[in-house]
Each structure stands twice: as structure tokens, then as C-alpha cells.
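A.B. asks: The sequence and its predicted three-dimensional model are supplied below.
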Amino acid sequence: MYTQKRFQPPPKVKGNKAKTVCPIFEESKYPYQGFGIKLGDPFALTYKFYANEHFAVAIDVGKASSGLYNSYFKEKFYEYIVTDTFSTAEASIEYYTHKVTSDIVAEGKILYSIDVQKIAPGLQIYVGAGWEFKNTKIQYDYTYSERNDGNPDAFGRFDRVRTTMGPQAVVGIEYSHFSIPISAFMELEYFSDVMADPGWTRLEGGAGLRYIF
């Protein structure tokens, strides 16, 4: 005789077992890998290798937010211009405008994560250190005059390639308590130039998502 079975709702889980709502970062299944996108400075593709629950390596490759550096690149005009190419020492050379035609950034970071599940399930805080490489091509336009009436005799243009690198410190948060294998992160980076402009520093960073597998 056929007996119809009643539908049984899925059991509720509490405590540590509830973390299985997040299908990633189970302690017994390391290492993990993550691939995604980062918005900010730089705008980049991002890869992260989670060696274990504490240590990870992240690599970001993309493009700097060039608009944030407009004032800095403008200030560099008189450093980059080659004045001995002009006919007289009295020639007036004035900055007109500039455009960044290429701006590549690559970062490599070693990170240490601290589990803060007591604050929020799936939340981690991380700190770390790394190295950043930048290659920027800038096109400068300028005016040139040998007269004193303020009117330019001609417009000129030149290109400069700016290559620099240096260490960076990183602090961030990562959240992964989702029903899909995705982690969200926000981070702040402190970069120090040791090549093109030694001693120059800048805050960078951004937010993004990674698919975890």
C-alpha cells in the first residue's frame, strides 16, 4: 500500500554549523583561489591565493585613476621639459595641458588575516605589505614664445614615460557570508615611491569582488 510522505522542511542550524551558509573558507578545504575586479586606485583585475586561514598572496594588475594625479603631473612639466632644445635662453615656455595616454599598475601583496566572526559571520580583517610598479606615459602640450607681449609664437608637444615603484602597506576587510562563492573586500594602501620621485607617498585603495574556487 502506497503511503504519501509528508514534506519535511530543512533543519535549522545554529552556532558554528550556520557558517555552512557560506560555501567557502571552510578550514579543512584550503587552499582557495579568488579572481575578480577591483574599483578604485587602481582599477584592476585582482587575483588572491588563500594559502590557509591566515596567510594569502594578492596580485592586482590594471590602470591607475589618472584623474587623481592631475595636479602632480602638471607640477612635473618643468622638470620634464628639455629647455636646451629652444633657440634662445629668453624663450618663454608655458604649460598648456597634458593627457595620460597609458597608465599601467601592478601590485603584489602578502596578507595576514584575522577572523572576526564574533563581529559578523564571514568577516575578516587583514593587514599586509607589498610592492607596486607603475608605468605611465604622459603627453604634454605647451606654448612657446620669444616675445614679451604674452602671445605664443607656437604650440609644442612632447611625451614622457614615467616608471616608478616602491613598497606599500595594506589594511582591509573581507566579507564572504553569502550563499554563492563570492567575497567582497575593501582596502586602503599606503605607497612610497623609491624610483622616479623618492620620498613621495600616496594613499590608494578601493573595493571589489572575487569569485572563490
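C.D. replies: Received, thanks. Quantities reported herein were computed from a predicted structural model and do not represent experimental measurements. Numbers count the residues shown, from 1 in each chain.
A.B. asks: from here on, contacts and neighbour counts on C-alpha atoms
C.D. replies: Noted.
A.B. asks: which parts of the helix or strand of the chain with the lowest mean pLDDT are buried?
C.D. replies: For the chain, the helix or strand with the lowest mean confidence is helix 77-80, at a mean of 90 (criterion: mean pLDDT, DSSP states H and E). For helix 77-80, burial by neighbour count (16 or more other Cα atoms under 10 Å) applies to residue 77.
A.B. asks: now the residue most central in space within the chain: how far from residue 195?
C.D. replies: With distances taken as Cα atoms, centre = their mean, residue 42 lies nearest the centre of the chain, 3.4 Å away. Residue 42 sits 19 Å away from residue 195, going by Cα to Cα, to the nearest Å.
A.B. asks: How about residue 123?
C.D. replies: In terms of Cα to Cα, residue 123 sits 37 Å off from residue 195.
A.B. asks: So which of the two has more stuff around it?
C.D. replies: Taking neighbours as other Cα atoms under 10 Å, residue 123 and residue 195 compare with residue 123 leading, 19 against 14.
A.B. asks: For the chain, which segments count as helices?
C.D. replies: Ranges of helices within the chain are 70-75, 77-80, based on DSSP state H.
A.B. asks: Can you tell me what sits against the last one?
C.D. replies: Taking Cα atoms under 8 Å, 6 or more residues apart in numbering as the criterion, the residues outside helix 77-80 that touch it are 95, 140, 160.
A.B. asks: Show me how far it is from its chain's centre.
C.D. replies: Remark: helix 77-80 is offset 27 Å from the chain centroid, using Cα atoms, centre = their mean, to the nearest Å.
A.B. asks: hang on, the earlier thing: make a markdown table from the helices of the chain and add distance to residue 108 to it.
C.D. replies: Output for the helices of the chain, formatted as a markdown table (distance: least, Cα to Cα, whole Å):
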| stretch | distance to residue 108 |
| --- | --- |
| helix 70-75 | 24 |
| helix 77-80 | 29 |
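A.B. asks: That concludes my questions; thank you for your assistance.
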